[in-house]
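> Using only what follows, build the 3D model:
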Amino acid sequence: MEEVSRTQNRNPYQPGVLTGSLVVTPMVREIVDNVGSRLFSQLSGRPVFRIAGMTSSNDTGSLPAMLDGKPDTFFYCKEIQKAGDWFGVNLGGTNEVRRIRIVQGRKDGDHDRVFTGVVEISADGEKWTAVEGPGVLPETIDLALDPPRDARMIRLRVTKPGKADGTKDDVWTAIREFAVNTENAASLRTDEQAFAALPVRLDDGVFSISPMFEVHPFRSGKMLGLLFPAPVTVERVELDMSVADPTAQWTMEGNTGGNAWQALDAKAEGTKLVAQPGRELRAVRIRNTVGKTLEVKLAKFEVKTTGKSSAASAAVLTDGQPSTHVTLEGTTAVTVPVEKSATEAYLLLGEGASAGIKVTAGDTGALGIFQGPLVRIPLPAGASTLTITSADPTAKVAVHEAIFRTR
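Coordinates of the predicted model:
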């Protein structure tokens, strides 16, 4: 590959700009047009991650809705639950599973879901291994598998039908999201147990914690917040705990990294506490600083950022699905974590590949500008992230996949 790069990977019109490995360009174009499966498998040594829904039920028509990434659509099995029913996904081949996220119900608080069950994985569809349960399951099941496990299939199986408390046996099953290996756009952080399982959502650059409709105690000194995988520019933070005089009850804080928290200039708007930092933050939180327990109802916790989340985009580039992509335009950047011990990265580009991308490795500085449908990037020692932008701010560049290898 070094010889190919030396002899073929040069742009005669722009010295220093790498054009991509031209000898594989025809194959790359063909593969990008056909989901990129062969190229991905050759470079990564893994099968393409093609996720498809599956169930033991006969009601399969809406299965794709739990895989479309939309928070307001759902798979809905209109059959009364019975023990042994299961709902899940086939990954299209044996893949490394790092995270499983299942969001149940047509909406928060819905009774049409699996209350008592088990999450299982399998390499062959015959032998299944539990990774969560059996037992009472939350509405949102979010599992980080450490160490990762190899699996071809994942399912949620009913062990006891109906509500866990026995008050309703004749329930159907709705699943809004069944996701594998997606990275959280943001993760919830709290030391108040009643808030620990709340879903975190991202919609057009706005992160939000799902509201609660019940009143809960919030003790003095305790906190609730969001941690982002990478710094994001925070434009506005809104908190509404349904408590009067919020500036006297809460302190809103931001963190740029590490253990240092700084108070944000927040003002009251009725029961809402609002701050407009206008700068990059790695995390935001509120703390009860009034010296007593407050009875609260979380009506809103929302963080508005400028631009789309690079954290969500990074997950797309490492999802094993060459059919998905991130579009870079203007100053939009995406930061991708580098796999441990990797010495080189391959980036599969689509539309706008001729315009090129600019790549920076962590704190080591720019690695250069790269063009072409497939680019190889040698990684400097110790690089932990790659930040990618369009080399031409006026052009749109689609990046389909980032593949890390160790030579």
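> What's the per-residue pLDDT of residue 295 here?
Looking at residue 295, its pLDDT stands at 96.
> can you tell me which residues contact it?
Residues counted as contacts of residue 295 (CB atoms under 8 Å, 6 or more residues apart in numbering) are 215-218. The way it works is simple: take the backbone N, C-alpha and C, and place the C-beta from them, glycine included.
> Most neighbours among those residues, please name it.
residue 218 (26 neighbours; other CB atoms under 10 Å).
> Give the bridge partners for that one, please.
residue 294 (DSSP bridges).
> if we can go back for a sec, make TSV out of the contacts of residue 295 and add distance to residue 96.
Shown next, in TSV, are the contacts of residue 295 (distance: CB to CB, whole Å):
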residue	distance to residue 96
215	43
216	38
217	41
218	39
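> Now for these: which two are most distant?
215 and 218 (9.9 Å; CB to CB).
> what sits in contact with each of these two?
With CB under 8 Å, 6+ apart as the test, residue 215 and residue 218 both reach 295-296.
> For the chain, which strand extends over the most residues?
As assigned by DSSP state E, the longest strand anywhere in the chain is strand 140-160.
> Who does that one pair with, and is each partner parallel or antiparallel?
strand 86-104 (antiparallel), strand 116-122 (antiparallel).
> Residue 393 is nearest to which of those strands?
strand 86-104 (33.6 Å).
> Now do the buried residues in that closest one.
Neighbour-count burial for strand 86-104 flags 86-92, 95, 97-104 (criterion: 16 or more other CB atoms under 10 Å).
> Show me the shaky parts of the stretch 251-400 of the chain.
307-313, 323, 363 (pLDDT under 70).
> the helices in it, which residues?
Ranges of helices in the stretch 251-400 of the chain, per DSSP state H, counting those that start in this stretch, are 310-317.
> coming back round to it: turn the strands paired with strand 140-160 into TSV, columns for distance to residue 156.
As requested, the strands paired with strand 140-160 are exported to TSV (distance: least, CB to CB, whole Å):
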stretch	distance to residue 156
strand 86-104	5
strand 116-122	6
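> Let's have those strands in CSV, adding mean pLDDT and distance to residue 66.
Converted to CSV, the strands paired with strand 140-160 look like this (pLDDT from 0 to 100; distance: least, CB to CB, whole Å):
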stretch, mean pLDDT, distance to residue 66
strand 86-104, 90, 8
strand 116-122, 97, 14
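> of those, which approaches residue 211 most closely?
Of all the strands paired with strand 140-160, strand 86-104 comes closest under CB to CB, at 15.1 Å.
> of the contacts of residue 295, closest to residue 165?
residue 216 (19.0 Å).
> Run me through the strand neighbours of whichever strand or helix holds residue 179, direction for each.
Here residue 179, judged by DSSP states H and E, is contained in strand 173-180. Strand 173-180 pairs in its sheet with strand 75-77 (antiparallel), strand 86-104 (antiparallel), by DSSP bridges.
> With just CA atoms, put the longest one into PDB.
Coordinates of each C-alpha in strand 86-104 appear next as PDB, following Å, rounded to 0.1, in the frame of the first residue of the first chain:
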ATOM      1  CA  TRP A  86     -39.400 -12.500  21.400                       C
ATOM      2  CA  PHE A  87     -38.500  -9.500  19.400                       C
ATOM      3  CA  GLY A  88     -35.000  -8.700  18.100                       C
ATOM      4  CA  VAL A  89     -32.500  -8.200  15.300                       C
ATOM      5  CA  ASN A  90     -30.300 -10.200  12.900                       C
ATOM      6  CA  LEU A  91     -27.000  -8.400  12.300                       C
ATOM      7  CA  GLY A  92     -26.300 -10.200   8.900                       C
ATOM      8  CA  GLY A  93     -23.200 -12.000  10.200                       C
ATOM      9  CA  THR A  94     -21.300 -12.500  13.400                       C
ATOM     10  CA  ASN A  95     -20.200  -9.000  14.600                       C
ATOM     11  CA  GLU A  96     -18.700  -7.600  17.800                       C
ATOM     12  CA  VAL A  97     -21.500  -6.200  20.000                       C
ATOM     13  CA  ARG A  98     -20.500  -3.300  22.300                       C
ATOM     14  CA  ARG A  99     -23.900  -1.800  23.100                       C
ATOM     15  CA  ILE A 100     -27.600  -2.700  23.000                       C
ATOM     16  CA  ARG A 101     -30.300  -0.100  23.300                       C
ATOM     17  CA  ILE A 102     -34.000  -0.900  23.300                       C
ATOM     18  CA  VAL A 103     -36.600   1.800  23.800                       C
ATOM     19  CA  GLN A 104     -40.000   0.300  24.500                       C
END
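> ok now that strand, how far from the chain's centre?
In this view, strand 86-104 has its centroid 14 Å away from the chain centroid, taken as CA atoms, centre = their mean, to the nearest Å.
> which stretches of the stretch 151-300 of the chain form strands?
With strands called from DSSP state E, counting those that start in this stretch, the stretch 151-300 of the chain shows them at 173-180, 187-190, 200-203, 206-209, 216-218, 223-240, 250-255, 261-263, 266-269, 272-275, 279-288, 294-296, 300-305.
> most packed of these?
When you average the neighbours per residue for each of the strands of the stretch 151-300 of the chain (mean count of other CB atoms under 10 Å), strand 173-180 leads with a mean of 24.
> Quick one: distance of that strand to the chain centre.
The answer for strand 173-180 is 14 Å, by CA atoms, centre = their mean.
> do stretch 326-339 as well
14 Å.
> tell me which residues in it are buried?
So, applying 16+ other CB under 10 Å, buried residues of stretch 326-339: 326-329, 332-336, 338.
> Thanks a lot, catch you later.
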